[in-house]
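Visitor: Quick one, fold the following:
(chains A, B, C and D)
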Number of protein chains: 2
Amino acid sequence: MDRFKDVLKASNLKSTHQRLAILDSIDQFGHVDIDTLYDSIFQKYPTMSKATLYRNINDLISFHILEEVKLPQQKQQYEIKKVPHIHLLCSECGSVEDLFIETKPLLETIVSQSGFHISHSFIVMNGTCKVCASKTVKAFS
Amino acid sequence: MDRFKDVLKASNLKSTHQRLAILDSIDQFGHVDIDTLYDSIFQKYPTMSKATLYRNINDLISFHILEEVKLPQQKQQYEIKKVPHIHLLCSECGSVEDLFIETKPLLETIVSQSGFHISHSFIVMNGTCKVCASKTVKAFS
DNA sequence: TTCTAAATAATACTAATTACTATTTAAGAT
DNA sequence: ATCTTAAATAGTAATTAGTATTATTTAGAA
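Guide: Sure, this is the predicted structure:
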């Protein structure tokens, strides 16, 4: 449960119950928006204020411990910063799936074509997930 | 100036001065956030209310005439919906560049690897643009 | 021109986010 | 274990963002 203590220490941040609860909860959700997160944490810490949540999230983002996930037509979400990956957003069921995939060829094309130096990338694919696609029997057979 | 009249008509939306001003202004900016946009339009139409701006932007998005651009650490921006392209966000000067590039190979890999059906994609690259990169002479020679 | 559904302006209202400050706490030093 | 203090929190106020309402205006078709 306390694997995030080291992470916080590495950034000279104190391991408060609140921070550990925030990180733990986000980790369990995978991706989560501010309200869902607050409700979830409020169960364990009814005393935690929303201002604390906002402040911590912003702090953790600036220390690159958390990462924003901004998807079209959705409330902003947050996740634990992981190895680079892309997001698959299903427009049917609203699920968000992480896909760890090699993007180097694309990045190299971009660099050579634009002269832009890439530090990191954010990729979202909108469409229909495997499950929903299988449910939807197409009209044409 | 009125090339957007046809666009609006195609969606059965009335070509009000306000809408044309909004589209025209966004078009000129390329990408723009709500406040910059409002200030800009306010010059020509001091009577236009912010509620009208918000309402129109939402309407135009739902008719796929506008598109949201959600970049990390930035206020949400808007742009005229164009052919698919990716965004290059410079962390030095804050510029946002559009790059029209072939992403099909990446998309095909994703489909085959995940079974996800992609309808459209949203790609942001963070890094340093050509101009800023050339300004920053690296310490090692 | 006239007519009408659609759109706007102005304002009120609600939600989201940040700022502030007195109090509490993590964690290093003793 | 206790003390100390800088950092963090709780609670609330203030600010900012966004939506709803309604009387008035307008685009565009007849």
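
Visitor: Spell out which residues sit in contact with residue A:114, please.
Guide: B:88, B:97, B:99, B:130 (CB atoms under 8 Å, 6 or more residues apart in numbering or on different chains). Yep, even glycine has a C-beta here, placed from its N, CA and C like the rest.

Visitor: where's it relative to residue B:129, distance?
Guide: 8 Å (CB to CB, to the nearest Å).

Visitor: secondary structure class for residue A:8?
Guide: Judged by DSSP: H, G, I helix; E, B strand; the rest coil, the three-state class of residue A:8 is helix.

Visitor: Quick one: which of the contacts of residue A:114 is the most crowded by neighbours?
Guide: Neighbour count (other CB atoms under 10 Å in any protein chain shown) singles out residue B:88 as the most crowded of the contacts of residue A:114, with 25 neighbours.

Visitor: Just the element for the most centrally placed residue in chain A, please.
Guide: Nearest to the geometric centre of chain A sits residue A:79, at 2.9 Å (CA atoms, centre = their mean). Assigned by DSSP states H and E, residue A:79 belongs to strand A:77-80.

Visitor: Which other helices and strands does that strand contact?
Guide: Packing contacts for strand A:77-80, counted by 3 or more CB pairs under 8 Å, 6 or more residues apart in numbering or on different chains; DSSP states H and E, involve helix A:17-29, strand A:32-33, strand A:66-69.

Visitor: Output the ones you listed in a markdown table, with distance to chain B appended to each entry.
Guide: A markdown table is the format used below for the helices and strands packed on strand A:77-80 (distance: least, CB to the nearest CB, whole Å):
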| stretch | distance to chain B |
| --- | --- |
| helix A:17-29 | 17 |
| strand A:32-33 | 14 |
| strand A:66-69 | 5 |
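
Visitor: so where's the longest strand in chain A?
Guide: strand A:117-128 (DSSP state E).

Visitor: quick one: the next helix or strand after that one near chain B?
Guide: Downstream of strand A:117-128, the next assigned helix or strand under DSSP H and E is helix A:130-135. Yes. Applying CB under 8 Å from any CB of the partner chain, one finds helix A:130-135 in contact with chain B at A:130, A:133.

Visitor: quick one: which helix or strand includes the residue of chain A found nearest DNA strand C?
Guide: Nearest residue of chain A to DNA strand C: residue A:51, at 3.2 Å (CB to the nearest atom of the strand). According to DSSP H and E, residue A:51 maps onto helix A:50-62.

Visitor: Which residues does that helix contact?
Guide: With CB under 8 Å, 6+ apart as the test, helix A:50-62 has contacts from A:13, A:18-19, A:22-23, A:34, A:37-38, A:41, A:66-68, A:78, B:73.

Visitor: circling back to that earlier point, save the contacts of residue A:114 as JSON lines, and put in pLDDT too.
Guide: What follows is the contacts of residue A:114, written out as JSON lines (pLDDT from 0 to 100):
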{"residue": "B:88", "pLDDT": "92"}
{"residue": "B:97", "pLDDT": "89"}
{"residue": "B:99", "pLDDT": "91"}
{"residue": "B:130", "pLDDT": "90"}
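
Visitor: just checking, which of those residues belong to helices?
Guide: residue B:130 (DSSP state H).

Visitor: Just give me the closest of the contacts of residue A:114 to residue A:84.
Guide: Checking those against residue A:84 with CB to CB, the nearest one is residue B:88 at 16.7 Å.
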